[in-house]
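In: Return atomic coordinates for the entry below.
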Amino acid sequence: MRVPLIVAASALAVAALSGALASSGSGPVPKPAPAASSAPIPSPTPISSDVVSHLSRMPAGYLPREGLPNSLLLNPSPPAAGSAAMARDEEGARAAVALRGTPRWEQAKIDADLFSPDTTAVFSCAAGVPISAETTPKLNHLMRRMGPDLAMAVYPTKKKYMRPRPFMANGEPMCTPQDESVLRQDGSYPSGHSAIGWGWGLVLADVIPDRAAELVARGRAFGDSRRICNVHWLSDIEEGRVVSTAVVARLNAEPAFRADVEVARAEVAALRGKAPAPDCSLENRALANSQ
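Out: Numbering: from 1, shown residues only. Take a look at the predicted model:
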């Protein structure tokens with residue numbers, strides 16, 4: 001049975017990413033969609049026993065669970081209703097809804113899929129080399145093994161606040177409707193998917209330093225895809241990056257992680273100039289002019 005997309009990149013991400021162990025761009029702001037209803041936002045259902053059981057079985061990444069940075073020391077409370085910060089979140093959600101059906105929406109669907117064997121390949125264009133289990137097995141291993149650390153680190157904050165997600169507030173579709181019932185059971189704040197994308201971007205920038213700007217920008221866009229999908233608020237995504245940054249800093253003190261970074265760097269250096277360049281036309285179009 002397929003493991004559901006828990007938290008749009010937390011529990012799901014660990015299962016999908018660790019299975020391999022065995023930007024917003026600039027441009028005009030889209031015309032805002034109609035304002036969401038002022039009706040009260042329904043609260044998420046408390047995390048189900050199935051989710052709790054699944055989380056307890058998650059394999060570790062490089063760090064023991066108790067060694068992950070405490071997100072509660074990093075994340076403030078989510079924006080309060082009626083605050084300027086919440087107004088900013090709502091504006092970001094309206095802009096995202098207006099992108100439905102565009103190339104950016106389609107890219108967000110691709111970024112949402114953490115089950116695919118090709119998940120890490122979404123960073124190929126930014127890296128300038130094809131990333132996969134076949135072409136870059138060492139780099140693929142590094143990315144997937146660190147995934148559980150990035151995904152699970154957001155959970156203290158998620159469980160404390162259980163913030164309702166944008167689709168619960170505005171009633172608009174999400175890009176992965178098959179996951180709606182599960183997403184309602186998990187808090188929106190902060191985004192585990194954003195934590196994964198940002199962390200991958202940072203570490204890939206270490207592996208391929210001359211592509212640092214492209215890779216970090218792709219990590220940012222990977223997380224922002226969850227806003228485009230209407231399943232995370234802008235502040236969820238931004239605070240996911242904060243947690244991710246702390247996790248990457250902690251990982252850099254781990255000998256096994258540093259060893260894998262060095263091996264991945266050598267692997268990519270040997271591949272560059274030999275493998276065919278990835279086809280980036282669709283991704284470039286999707287990410288070129290979105291807010």
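In: Report the central residue of this protein.
Out: His193 (2.1 Å; Cα atoms, centre = their mean).
In: Quick check: that one touching Gly223?
Out: Yes - assessed by Cβ atoms under 8 Å, His193 is found in contact with Gly223 at 6.1 Å. Every C-beta, even on glycine, is put in place using the N, C-alpha and C of the backbone.
In: in the stretch 51-200 of the chain, what spans have low per-residue confidence?
Out: Low-confidence segments of the stretch 51-200 of the chain (pLDDT under 70): 51-59.
In: what are the ranges of the helices in it?
Out: 84-97, 103-112, 124-127, 137-152, 155-161, 166-170, 180-183, 192-207 (DSSP state H, counting those that start in this stretch).
In: Of these, which is nearest Ala253?
Out: Closest approach to Ala253 among these is made by helix 137-152 (12.4 Å; Cβ to Cβ).
In: Can you list the buried residues in the closest one?
Out: Across helix 137-152, burial judged by 16 or more other Cβ atoms under 10 Å covers 138-152.
In: What helices and strands are in contact with it?
Out: Under the contact criterion of 3 or more Cβ pairs under 8 Å, 6 or more residues apart in numbering; DSSP states H and E, helix 137-152 touches helix 11-18, helix 192-207, helix 234-251, helix 255-271.
In: just how off-centre is that helix within its chain?
Out: Between the centre of helix 137-152 and the centre of its host chain there is 13 Å, according to Cα atoms, centre = their mean, to the nearest Å.
In: Tell me what angle that helix forms with helix 192-207.
Out: Between the axes of helix 137-152 and helix 192-207, defined by axes from the mean of the first three to the mean of the last three Cα atoms, to 10 degrees, the angle is 140 degrees.
In: Could I get the CA-only coordinates of helix 137-152 as CSV?
Out: Extracted C-alpha coordinates of helix 137-152, given in CSV (Å, rounded to 0.1, in the frame of the first residue of the first chain):
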residue,chain,number,x,y,z
PRO,A,137,24.8,7.3,-7.3
LYS,A,138,27.0,8.8,-4.6
LEU,A,139,25.3,12.2,-4.8
ASN,A,140,21.8,10.6,-4.9
HIS,A,141,22.7,8.7,-1.8
LEU,A,142,23.8,11.8,0.0
MET,A,143,20.6,13.7,-0.9
ARG,A,144,18.3,10.9,0.1
ARG,A,145,20.1,10.1,3.3
MET,A,146,20.0,13.7,4.6
GLY,A,147,16.3,13.9,3.6
PRO,A,148,15.0,12.3,6.9
ASP,A,149,17.1,14.8,9.0
LEU,A,150,15.7,17.8,7.1
ALA,A,151,12.1,16.5,7.1
MET,A,152,11.8,15.4,10.7
